[in-house]
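Undergrad: Let me see the structure of the following:
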Amino acid sequence: MRSRIIKEGLERVPHRALLYATGIAKSEMKKPFIGIATSFTDIIPGHIGMRDLERFIEKGIHAAGGYPFIFGIPGICDGIAMGHSGMHYSLPSRELIADMVETITQAHQLDGLVLLTNCDKITPGMLMAAARIDIPAIVVTAGPMLSGHLRGRRLSLVNDTFEAIGKYKRGLIKKDELDALEMCACPGAGSCQGMYTANTMACVTEALGMSLPGCATALAVSADKRRIAFESGQRIIDLVKHNITARKILTKKAFENAIMVDLALGGSTNTVLHIPAIAHDAGVELPLETFDVLSKKTPHLANMLPGGEHYLEDLDWAGGIPALMKRLKKNMNNMITVSGRKIYQIADSAEVVDENVIRPLNKPYHKEGGIAILRGNLAPDGAVVKQSAVSQNMMKFEGKAKIFDSEEEGMKAILNGKIRAGDVVVIRYEGPKGGPGMREMLSPTAAIAGMGLSQSVALITDGRFSGGTRGPCIGHISPEAMEGGTIAILRDGDRIRIDIQKRKIDVVLSDKEIRERLSKWKPLKPKITKGYLSRYARMVSSAGSGAVMK
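TA: Purely as a prediction, here's the structure:
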């Protein structure tokens, strides 16, 4: 056990004295020391129920013969940080979370980790740490929220609050309905109800083999989630005893499994940042093209919110990720998981309860997976779109550019009615370096949808999109504006040509014109020049490589 370094030998008398000061019994000192990294906080709905889950993880660790130590990890609620300066901190917080888990674990030489997480950047940050330090680890995602209800219809955060703003501006709903929606859309604890980034990452984690079967979709308020927390506490002791470390699970074939599940779900485009970042820390090379190669042979089987109709609770009741893997089994790799069972064993024991929620391979919602990687003179290093949330008539689109150098400028124009059918909204200087922090553009995309423009307007950005985005919204344009990418020299009125099926995104300009404009281009002054974000901007890589700090 690693923890012997801090608790055995004559020279460790002071260390043991400090450990005894915590109240640990002498009889427990020979047991594995297990860290419970918890991101409990009172301000994130997805995390407010974690105090309860911490108790069940502790019980499981004790029952299996280990000794638990809880330590805290911070979190950001992307929904609350959305649309203002707070969103600059969201993606950069992923690196802080990974660094903090690494720091606490290594400083105290813990034998294993249970990672209690739920929301957007916290889950990938914890997985990055597990991959980096490579000790036995298991992830418990705290679970999705129940759907909201108002006058007989179900509600979700994005469709019924963010998009409701645009509907209200157009006069489609009244103030009393808007007020009712904000009170009813989010009824309590859990991650937001659709296949947004938090739930997508929970599903990715289970498909990777890093959490127990059923964990991703078991509801935050359920007894199932408590049992999974308890069993995860038990399982970490077995992982420690058999030295099954994170990198033994996080192999290239496991990442391919996770991407296939993501594509079949039509998950958030943020996985194109997070999965490569986790792979980077696991020492696995995972080029951007992996998503596109797998997308062309992985059908879209689950029509989840925001682009579809089903909630996470529907996916759970239909059989969850094990049932989806049953559908995909012939394409998946038979890898080990933290449960002690391999992927095929989990798939074989699953049942598809609702064939409309998890369709068979011969009756997919779309023949290809949810994500497509586009390239062209506007994005030579790649761009990302959630194609499963784009209507067929918008898969090919050409329009004139309306240029904005920040999200706020773009949002103001949209709400003031300055965007018309046939426009391509271009929001730039919002990439990893230029933002800094690569803010999500949920507010403008939701406003476009709410104002009825998602069938006639496209939006492109070197920033990124929430998992709640739907419509022809293309993000991660690389190179970004701050690095002198083509997006930096676009002008109002330039023609932008998008062809998702052919994986193309171009500005209708000659190579000569692009070179001439770039020769005269000067970057904007950095928006933030002090503190963590300034350091982040100097060290972060492009979106095309996962926006990792180097």
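
Undergrad: V508 is in contact with L490, isn't it?
TA: No - using Cβ atoms under 8 Å, V508 makes no contact with L490, being 10.9 Å away. C-beta here means a position set from N, CA and C on the backbone, and glycine is covered the same way.

Undergrad: neighbour count winner among the two?
TA: More neighbours sit around L490 than around the other of V508 and L490, counting by other Cβ atoms under 10 Å; the figures are 23 against 13.

Undergrad: Could you check how far the more buried one is from A379?
TA: For L490, the distance to A379 equals 12 Å [Cβ to Cβ, to the nearest Å].

Undergrad: Return the set of buried residues in the helix or strand hosting F255.
TA: For F255, the host element (DSSP states H and E) is helix 252-265. In terms of neighbour count (16 or more other Cβ atoms under 10 Å), helix 252-265 has its buried residues at 252, 254-265.

Undergrad: Now do the shared contacts for V508 and L490.
TA: Listed contacts common to V508 and L490 are I496; contacts here mean Cβ atoms under 8 Å, 6 or more residues apart in numbering.

Undergrad: Throw the buried residues of helix 252-265 into JSON lines and include distance to Y311 and pLDDT, thanks.
TA: Conversion of the buried residues of helix 252-265 to JSON lines gives the following (distance: Cβ to Cβ, whole Å; pLDDT from 0 to 100):
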{"residue": "K252", "distance to Y311": "32", "pLDDT": "98"}
{"residue": "A254", "distance to Y311": "27", "pLDDT": "98"}
{"residue": "F255", "distance to Y311": "27", "pLDDT": "98"}
{"residue": "E256", "distance to Y311": "27", "pLDDT": "98"}
{"residue": "N257", "distance to Y311": "24", "pLDDT": "98"}
{"residue": "A258", "distance to Y311": "22", "pLDDT": "98"}
{"residue": "I259", "distance to Y311": "23", "pLDDT": "98"}
{"residue": "M260", "distance to Y311": "22", "pLDDT": "98"}
{"residue": "V261", "distance to Y311": "18", "pLDDT": "98"}
{"residue": "D262", "distance to Y311": "18", "pLDDT": "98"}
{"residue": "L263", "distance to Y311": "20", "pLDDT": "98"}
{"residue": "A264", "distance to Y311": "17", "pLDDT": "98"}
{"residue": "L265", "distance to Y311": "13", "pLDDT": "98"}
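
Undergrad: For A21, state which of those is nearest.
TA: For these, the closest approach to A21 (Cβ to Cβ) belongs to A254, at 40.6 Å.

Undergrad: Which residue, other than its chain neighbours, is closest to the closest one?
TA: In space, A254 comes closest to M335 once its chain neighbours are excluded; the distance is 4.8 Å by Cβ to Cβ, 6 or more residues apart in numbering.

Undergrad: What separation do you get for that neighbour and K248?
TA: 10 Å.

Undergrad: For the two, indicate the residue with more neighbours.
TA: More crowded of M335 and K248, by other Cβ under 10 Å: M335, with 21 against 16.

Undergrad: OK, contacts around the more buried one?
TA: So, once contact is read as Cβ under 8 Å, 6+ apart, M335 ends up touching G209, I249, T251, K253, A254, N257, K342, I343.

Undergrad: Tell me the predicted confidence for it.
TA: M335 is assigned a pLDDT of 98 by the prediction.

Undergrad: could you redo the buried residues of helix 252-265 as TSV and give each row distance to D42?
TA: Putting the buried residues of helix 252-265 into TSV (distance: Cβ to Cβ, whole Å) gives the following:
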residue	distance to D42
K252	39
A254	34
F255	34
E256	38
N257	35
A258	31
I259	34
M260	37
V261	32
D262	30
L263	35
A264	35
L265	30
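
Undergrad: nearest to D494, of these?
TA: Sorting the buried residues of helix 252-265 by how near they are to D494, with Cβ to Cβ, puts L263 at the top with 31.8 Å.

Undergrad: so what's that closest one up against?
TA: Contact partners of L263, counting by Cβ under 8 Å, 6+ apart, are F291, L294, S295, T298, H300, E368, G369, G370, I371.

Undergrad: In stretch 407-425, which of the residues would be classed as buried?
TA: Of the residues in stretch 407-425, E407, G410, M411, A413, I414, L415, I419, D423, V424, V425 count as buried by neighbour count, 16+ other Cβ under 10 Å.
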